[in-house]
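Novice: show me how the following folds:
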Amino acid sequence: MKDIVDATSEVRVNDFVIKIANVNGTGSASANGLLMKAIFRMGVPVVGKNLFPSNIQGLPTWYEIRITKDSYFARSGTAELVVAMNAETYKQDLAEVSPGGFLLYDSTWPRPDLHGRTDITAIGVPLARMCNEHFDNARTRVLMKNMAYVGAVAGLTGIDVEVIRAMVTEMFGTKAHLIDANMKAIELGLHYVRENYPDPLPLKVEAMDATAGHIMIDGNTAAALGCLYAGATFGAWYPITPSTSLMDAFKSFCEKYRVDKDTGEKRFCIVQGEDELASIGMAIGAGWNGARAFTPTSGPGISLMSEFIGFAYYGEVPVVIFDVQRAGPSTGLPTRTQQCDLTLAAYASHGDTKHILVFPANPKECFEMAVQSFDLAERFQTPVFFMTDLDIGMNDWMVPEFGWDDSYAPDRGKVLSKDDLEKIGKFYRYEDRDGDAIPYRTLPGVHPKGAYFTRGSGHNWKGGYTEDSAEYKEVLDRLTRKWKSAAKALPAPVVMRCDQPARRAIVSVGGCDGAVREAMDRLAEDGIHLNYMRVRGFPFSEEVDAFIAEHDEVFVVEQNRDAQLRTLLVNETSADKTRLIPVLDYAGMSANPKFVIEGVKARLEALGDAA
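Specialist: Residues are numbered from 1 along each chain as shown. As a prediction, the model looks like this:
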């Protein structure tokens with residue numbers, strides 16, 4: 001038996017990161033998810049971050065499990081326990097073990113060199129040998145090796161194996177042979193570390209009661225559920241990482257809840273287009289016909305859709321576009337995250353266009369804002385962009401349970417019924433009857449009086465074709481007024497103020513939220529106090545303008561190279577651009593507090609200002 005714990009080691013309870021390095025296509029995702037969700041079921045806040053390649057099989061993949069008693073859900077930038085399962089990335093994985101941390105490796109083969117790392121401890125477990133001895137099938141051996149490290153990690157850190165057993169039973173249901181095989185592999189790893197390493201690591205998972213009333217869910221699934229609750233019945237898409245799972249989830253929900261139990265009739269329509277152009281075209285057509293319609297995509301898809309987006313803006317047709325952002329430009333890094341489509345979406349299409357954008361920061365807001373997006377699209381008769389990203393969309397987050405108001409009624413906007421049309425004189429599609437810049441619309445087949453032709457070419461307020469400059473300008477000016485009026489209807493910004501006067505603040509958006517909140521706590525410990533605003537909608541409300549005006553300087557934190565949120569703030573508010581200090585991270589990884597802290601401190605040091 002081996003003593004792997006230094007008596008002087010600091011014990012960290014529910015506050016460390018497990019990073020697992022593996023090879024894509026080996027079944028590691030199930031094992032990693034099992035570990036993370038077992039910790040959640042022990043009542044301990046946790047978040048999982050998946051870093052995977054853009055091919056199907058064979059390239060390196062990593063999974064980070066952050067156990068966080070203080071509910072910090074951004075990447076920490078540390079790795080106290082690294083499970084090194086990929087020989088090709090061993091040196092890199094070794095370098096990422098935090099000082100004083102631990103490296104778990106497969107000791108079936110001689111341990112590779114530690115490359116001078118005298119500040120870490122290596123733990124050998126013969127994972128492959130044990131699985132080779134207890135399982136016959138070659139593929140099973142590969143899969144079970146992952147389950148064996150689940151057992152080893154559980155034994156070393158105190159994760160409740162009975163919780164894992166219950167989850168394995170749920171996972172495989174009535175398939176007793178799969179339950180038995182997986183538990184056998186888990187117990188191999190568990191028993192080995194208990195017999196050979198009698199003292200557990202100073203990294204401990206201890207049961208808490210901090211996850212009650214919460215769920216684990218990814219943003220794409222949450223957004224798809226929001227589409228269902230919003231009453232969406234039509235979706236068209238062309239598969240693209242990282243948005244495809246949104247449509248997969250919507251399809252699954254519809255097949256469960258949108259099929260007539262008596263007739264088997266499907267009360268939804270999902271179409272995979274031949275490309276993104278076809279997909280947005282079908283979604284716009286469905287929206288024009290009165291369906292709540294959407295398309296999920298990512299940056300390259302938005303580029304291809306731009307002409308149709310302009311048509312929907314100018315023709316005033318409601319449609320919701322889910323942009324799950326990834327790294328660009330061009331194909332970029334398909335399985336990395338960024339916030340690099342902000343200006344693209346805000347002004348998508350040629351000519352003078354401005355669109356409504358909403359910015360969720362977590363899966364709970366994905367659910368809520370998906371519903372709001374359909375209401376906004378129909379109320380303002382325009383495309384609405386739902387701006388999320390790969391980190392929010394494809395990673396599992398711990399969030400409060402979703403709530404729902406059963407009295408909710410969709411906001412269909414200004415839609416004239418048959419009776420309405422009977423009572424009015426002549427109907428003109430683009431007439432601003434109420435002076436609020438929003439015209440009335442009709443649905444096909446409701447009444448002959450409501451028929452109109454939707455034009456992508458120049459049209460006047462009557463809907464007729466025109467090349468008259470004054471008539472054209474009149475329509476564009478009304479569209480601008482309509483867009484500006486949407487600011488009051490969008491989700492309000494979230495504001496956090498420190499407990500003392502602050503001359504400086506942070507403004508951020510979307511998935512940066514967790515990193516910013518944690519960074520603010522760390523900065524406050526150093527005597528640097530900042531206020532914080534997270535914008536959740538575009539066009540910006542007056543509150544955004546006022547918040548910026550309150551402060552001498554505002555750090556604009558975002559995940560792109562070109563400071564796109566800052567660009568929008570400069571363009572669309574009265575803010576002095578010299579007071580907007582960009583703090584940028586565009587490496588494609590989910591945000592961590594370090595880049596925020598470093599960006600703020602670098603600015604203060606340059607000014608010779610400590611606070």
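Novice: okay, CA-based contacts and neighbour counts for the rest of this
Specialist: Fine.
Novice: can you list the buried residues in stretch 354-364?
Specialist: Lys354, His355, Ile356, Leu357, Val358, Phe359, Pro360, Ala361, Asn362, Pro363, Lys364 (16 or more other C-alpha atoms under 10 Å).
Novice: and for stretch 194-210?
Specialist: 197-208, 210.
Novice: what's the answer for stretch 61-78, then?
Specialist: Using 16+ other C-alpha under 10 Å as the test for burial, stretch 61-78 gives 61-69, 71-76, 78.
Novice: export that stretch to CSV, keeping only CA atoms.
Specialist: Extracted in CSV, the C-alpha atoms of stretch 61-78 (Å, rounded to 0.1, in the frame of the first residue of the first chain):
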residue,chain,number,x,y,z
THR,A,61,-10.9,15.4,-26.0
TRP,A,62,-11.0,16.9,-22.5
TYR,A,63,-13.7,17.3,-19.9
GLU,A,64,-13.4,19.6,-16.8
ILE,A,65,-15.6,19.0,-13.7
ARG,A,66,-15.5,22.0,-11.4
ILE,A,67,-16.7,21.1,-7.9
THR,A,68,-17.7,24.5,-6.5
LYS,A,69,-19.2,24.9,-3.1
ASP,A,70,-19.5,28.6,-3.7
SER,A,71,-21.4,28.1,-7.0
TYR,A,72,-18.8,29.6,-9.3
PHE,A,73,-19.6,28.1,-12.7
ALA,A,74,-17.0,29.6,-14.9
ARG,A,75,-13.8,27.7,-15.8
SER,A,76,-11.4,28.2,-12.9
GLY,A,77,-8.2,27.8,-15.0
THR,A,78,-6.9,25.2,-12.6
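Novice: circling back to that earlier point, find the pair from the buried residues of stretch 61-78 with maximum spatial separation.
Specialist: Thr61 and Lys69 (26.1 Å; C-alpha to C-alpha).
Novice: could I get the buried residues of stretch 354-364 as a markdown table with pLDDT?
Specialist: As requested, these are exported to a markdown table (pLDDT from 0 to 100):
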| residue | pLDDT |
| --- | --- |
| Lys354 | 98 |
| His355 | 98 |
| Ile356 | 98 |
| Leu357 | 98 |
| Val358 | 98 |
| Phe359 | 98 |
| Pro360 | 98 |
| Ala361 | 98 |
| Asn362 | 98 |
| Pro363 | 98 |
| Lys364 | 98 |
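Novice: among the residues you listed, which lie within helices?
Specialist: Among the buried residues of stretch 354-364, the residues falling in helices (DSSP state H) are Pro363, Lys364.
Novice: closest to Tyr347 out of the buried residues of stretch 61-78?
Specialist: Ala74 (29.8 Å).
Novice: now that closest one. Its backbone dihedrals?
Specialist: phi -80, psi 170 (degrees, to the nearest 10).
Novice: state the pLDDT value of it.
Specialist: pLDDT recorded at Ala74 is 96.
Novice: picking up where we left off before, looking at the buried residues of stretch 194-210, which are in helices?
Specialist: Per DSSP H, the buried residues of stretch 194-210 never map to helices.
Novice: adding distance to Trp237 and pLDDT, write these out as a markdown table.
Specialist: Putting those into a markdown table (distance: C-alpha to C-alpha, whole Å; pLDDT from 0 to 100) gives the following:
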| residue | distance to Trp237 | pLDDT |
| --- | --- | --- |
| Tyr197 | 52 | 91 |
| Pro198 | 54 | 81 |
| Asp199 | 53 | 80 |
| Pro200 | 49 | 81 |
| Leu201 | 48 | 94 |
| Pro202 | 48 | 97 |
| Leu203 | 45 | 97 |
| Lys204 | 45 | 97 |
| Val205 | 42 | 97 |
| Glu206 | 44 | 97 |
| Ala207 | 43 | 98 |
| Met208 | 42 | 97 |
| Ala210 | 38 | 97 |
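Novice: now render the residues you listed as CSV, adding distance to Ala502.
Specialist: Listed next are the buried residues of stretch 194-210 as CSV, based on distance: C-alpha to C-alpha, whole Å:
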residue, distance to Ala502
Tyr197, 51
Pro198, 51
Asp199, 48
Pro200, 45
Leu201, 42
Pro202, 39
Leu203, 37
Lys204, 38
Val205, 38
Glu206, 38
Ala207, 38
Met208, 35
Ala210, 32
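Novice: which of those residues lies closest to Val11?
Specialist: Of the buried residues of stretch 194-210, the one sitting nearest to Val11 (C-alpha to C-alpha) turns out to be Pro202, at 4.3 Å.
Novice: how about the helices in the stretch 451-600 of the chain?
Specialist: Shown for the stretch 451-600 of the chain, the helices assigned by DSSP state H, counting those that start in this stretch span residues 469-485, 513-525, 542-549, 564-572, 593-607.
Novice: contacting residues around the fourth one?
Specialist: Residues from elsewhere that reach helix 564-572 (C-alpha atoms under 8 Å, 6 or more residues apart in numbering): 340, 342-343, 508-509, 539-540, 556, 558, 575-577, 580, 582.
Novice: one more: the last one?
Specialist: Contacts made with helix 593-607 from outside it, assessed by C-alpha under 8 Å, 6+ apart, are listed as 74-77, 514-516, 518-520, 522-523, 555, 557, 583-585, 610-611.
Novice: and the angle for that helix with helix 513-525?
Specialist: 50 degrees (axes from the mean of the first three to the mean of the last three C-alpha atoms, to 10 degrees).
Novice: tell me which residues of helix 593-607 come out buried.
Specialist: Pro593, Lys594, Phe595, Val596, Ile597, Gly599, Val600, Lys601, Arg603.
Novice: also the shortest one?
Specialist: Neighbour counts using 16+ other C-alpha under 10 Å place Val544, Phe547, Ile548 of helix 542-549 among the buried residues.
Novice: quick one: pLDDT of the residue in the chain sticking out farthest from the centre?
Specialist: Here the centre of the chain is the reference, and by C-alpha atoms, centre = their mean the most remote residue is Gly425, at 47.9 Å. With respect to pLDDT, Gly425 has a value of 90.
Novice: any regions of the stretch 51-200 of the chain where pLDDT drops low?
Specialist: Across the stretch 51-200 of the chain, the ranges flagged by pLDDT under 70 are 56-57.
Novice: tell me where it has helices.
Specialist: 90-95, 127-134, 138-157, 161-172, 176-196.
Novice: pick the most buried one from those.
Specialist: The highest mean neighbour count among those, using mean count of other C-alpha atoms under 10 Å, belongs to helix 138-157: a mean of 23.
Novice: just the CA atoms of that one, as CSV, please.
Specialist: Provided in CSV are the C-alpha atoms of helix 138-157 (Å, rounded to 0.1, in the frame of the first residue of the first chain):
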residue,chain,number,x,y,z
ALA,A,138,-12.2,-5.6,-27.3
ARG,A,139,-14.7,-2.7,-27.6
THR,A,140,-16.1,-3.5,-24.2
ARG,A,141,-12.6,-3.3,-22.7
VAL,A,142,-12.2,0.3,-24.2
LEU,A,143,-15.5,1.4,-22.8
MET,A,144,-15.1,-0.2,-19.4
LYS,A,145,-11.7,1.4,-18.9
ASN,A,146,-13.5,4.7,-18.7
MET,A,147,-15.9,3.3,-16.1
ALA,A,148,-12.9,2.0,-14.2
TYR,A,149,-11.4,5.5,-13.8
VAL,A,150,-14.9,6.6,-12.6
GLY,A,151,-14.5,4.1,-9.7
ALA,A,152,-10.9,5.2,-9.1
VAL,A,153,-11.8,8.9,-8.9
ALA,A,154,-14.7,8.1,-6.7
GLY,A,155,-12.5,6.1,-4.3
LEU,A,156,-9.8,8.8,-4.2
THR,A,157,-12.2,11.8,-3.6
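Novice: could you find the closest non-adjacent residue to Met520?
Specialist: Setting aside the residues directly before and after it, Met520 is nearest to Leu530 in space (C-alpha to C-alpha, 6 or more residues apart in numbering), at 6.9 Å.
Novice: ok, now which ones touch the residue most central in space within the chain?
Specialist: Central residue of the chain (C-alpha atoms, centre = their mean): Ile392, 1.5 Å from the mean position. With contact taken as C-alpha under 8 Å, 6+ apart, Ile392 is in contact with Asp218, Gly219, Asn220, Ala361, Asn362, Pro363, Gly511.
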